[in-house]
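Colleague: could you work out the structure for the sequence below:
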Amino acid sequence: MSNLELKLRAAEDRVRSHESELRKELRTFDVVLAQIAYIITLEFFGAATKAGPAHAVLWLVAIALFFIPQAIVVTYLNDLMPLEGGLYEWARLAFNDGVGFLVAWNLWLYIVLLVGEYGFVLITYIAFALGPRAEWMTANKSVILLGTVVLVGAVAVISAFGLRVAKWVINAGGFMTVVALGTLILLSVVRARQHALPSFHALPLVRPQFTLFSVSVFSKMTFGALCGFEFIAILAGECRNPVPTIRKSVLISAPIIAAFYIFGTSAILAFVPQDRINLVGPVPQALTLGLQSIGVARIIAPITILLLFSNVFCTACLTFGASARLPMVAGWEGIVPPWFTRLHARYKTPVNSILFAAVVTLAACIVALVGVNEEEAFSLIQIWGFTLYGLAYLAMFAIPLLASRKLAVQPSPGLKLASCSGFAVTLLFVGLSIFPVIDVPNPAAYAWKTVAVVVGVNVVGAILYRRARSARTQQARSG
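Modeller: Below is the predicted model:
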């Protein structure tokens, strides 16, 4: 065994020694529902509807060029390195501590922004459930901020209790996602057979126009909606048997997710005119209109919409809980202060890291609301988060291409092809993130804000890492 392999083995053993302190709560069934709830991002149905009838072709291309390659690469890397921390550990072991830290930094900030945007979604869903008289809530920044405070507080408490509690919330959210989207799709099929939706096509194979706008929509549909298989690997140390569990979950959940995205987008376009679709809550909007033809719609619609919000809430619980694991694992390696690694005596959760994430999430929501309307604020906070996520994905797809020698493995040609495809599509998304898919008063300001945030936070991350490394070196010398 080479010196390099010995170093890699020592690093893996160090992580696994800490994993023994964690509870092993997740089984295959739990992970399948978590994958469905997390990857099906309800807000990205709105971006997909911008493509109109051409959405089905774009979804199929996205599945071929990104979704399937992502599943292949994630399965390979998790089989190779089934460690708590997931992509952070993969990047750290494949490249170096600095790259690993920046990957974890981008992932952590993505999660903070993702949970921050859910305050907007919460208020939108409540407004749809209450009816037209509550529409004012979606444009009231004070109400949105209050909703964010309530949401972040709730997920922080659940995260502190750990996966023994959180997994049931996540399971419920995944199940309700299947029920709500299934209801919407079934409703569109039934209404079409009753000839109430003459223009409805479940799988419209319309060739998309090649414009900058359509390519931008495609990139957001592809990466924004279909990323996420690697996410559950952050919790690999809390799975009963991470290698077969995550492999099976990908195989089971992938076709379900693909079908819901394609047929769900068709159902939304069947009930809502394309130019009137609410980008924050397209699914509850379509459900509201679709259920109007049923006599008990006033009862069913609010219940269905609130159940659908369970998708958002459970995703917030999953992502927020996972975000707390990233500083914890970095603390195990001595990259961030040991304060982040402190576990609750009973629940074995990183409570300090959870508290820190809650504070930063609320701050991000406040910053996004300053000086813009609520729809632009939602779009900004969403695209900031997913662009940072895209940078982490570029590192993930680069591992089989650039780090095979360091990891002492030889990827197959098929794996390299999948990595190249995923890398190219992700790079397209990152490059086009500055172009909004909504009408904004100042597109140039929108673009510069996005560039400034993405570049700025990575500069901050690099500074933090250099300081941490210097402090660690000085400590080693003095010791």
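Colleague: CA atoms only for the helix or strand encompassing Phe356, dumped as PDB, please.
Modeller: Element membership of Phe356 [criterion: DSSP states H and E] is helix 351-369. Only the C-alpha atoms of helix 351-369 are listed here, as PDB (Å, rounded to 0.1, in the frame of the first residue of the first chain):
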ATOM      1  CA  VAL A 351     -26.600  21.700  18.500                       C
ATOM      2  CA  ASN A 352     -24.100  24.600  18.200                       C
ATOM      3  CA  SER A 353     -23.900  24.100  14.400                       C
ATOM      4  CA  ILE A 354     -27.700  24.000  14.200                       C
ATOM      5  CA  LEU A 355     -28.000  27.300  16.200                       C
ATOM      6  CA  PHE A 356     -25.400  29.000  14.000                       C
ATOM      7  CA  ALA A 357     -27.200  27.900  10.800                       C
ATOM      8  CA  ALA A 358     -30.500  29.300  12.100                       C
ATOM      9  CA  VAL A 359     -29.100  32.700  12.700                       C
ATOM     10  CA  VAL A 360     -27.400  32.900   9.300                       C
ATOM     11  CA  THR A 361     -30.600  31.700   7.500                       C
ATOM     12  CA  LEU A 362     -32.600  34.500   9.000                       C
ATOM     13  CA  ALA A 363     -29.900  37.000   8.100                       C
ATOM     14  CA  ALA A 364     -29.900  35.800   4.400                       C
ATOM     15  CA  CYS A 365     -33.700  36.300   4.200                       C
ATOM     16  CA  ILE A 366     -33.500  39.800   5.500                       C
ATOM     17  CA  VAL A 367     -30.800  40.700   3.000                       C
ATOM     18  CA  ALA A 368     -32.700  39.300   0.100                       C
ATOM     19  CA  LEU A 369     -35.900  41.300   1.000                       C
END
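Colleague: how far off centre is it?
Modeller: When C-alpha coordinates are averaged (C-alpha atoms, centre = their mean, to the nearest Å), helix 351-369 and its chain have centres 17 Å apart.
Colleague: now Ile303: how far from Phe309?
Modeller: 11 Å (C-beta to C-beta, to the nearest Å). Every residue, glycine included, has its C-beta placed from N, CA and C.
Colleague: coming back round to it: tell me the mean pLDDT over the helix or strand just after the helix holding Phe356?
Modeller: Sequence-wise, the next helix or strand downstream of helix 351-369 (DSSP H and E) is helix 374-402. Helix 374-402 comes out with an average pLDDT of 85.
Colleague: which residues touch the following helix or strand past helix 374-402?
Modeller: Using DSSP H and E, the next helix or strand after helix 374-402 towards the C-terminus is helix 413-432. Under the contact criterion C-beta atoms under 8 Å, 6 or more residues apart in numbering, helix 413-432 has outside partners 62, 65-66, 68-70, 72-73, 76, 215-216, 219-220, 222-224, 386-387, 390-391, 393-394, 397-401, 411.
Colleague: buried subset of these as a ChimeraX selection?
Modeller: Entered in ChimeraX, the line below selects the buried ones among those, by 16 or more other C-beta atoms under 10 Å:
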select :62,65,66,68,69,70,72,73,76,215,216,219,220,222,223,224,386,387,390,391,393,394,397,398,399,400,411
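Colleague: now the helices for the stretch 151-300 of the chain?
Modeller: For the stretch 151-300 of the chain, the helices defined by DSSP state H, counting those that start in this stretch occupy 163-193, 212-219, 226, 242-271, 282-290, 297-332.
Colleague: who touches the helix holding Phe356?
Modeller: Contacts of helix 351-369 (C-beta under 8 Å, 6+ apart): 108, 111-113, 115-117, 119, 141, 144-145, 148-149, 152-153, 156, 159-160, 320-321, 323-325, 327-328, 339-344, 377-378, 380-381, 384.
Colleague: now the angle from that helix to helix 297-332?
Modeller: Orientation check (axes from the mean of the first three to the mean of the last three C-alpha atoms, to 10 degrees): helix 351-369 against helix 297-332 gives 120 degrees.
Colleague: so for helix 351-369, mean pLDDT?
Modeller: Mean pLDDT, helix 351-369: 80.
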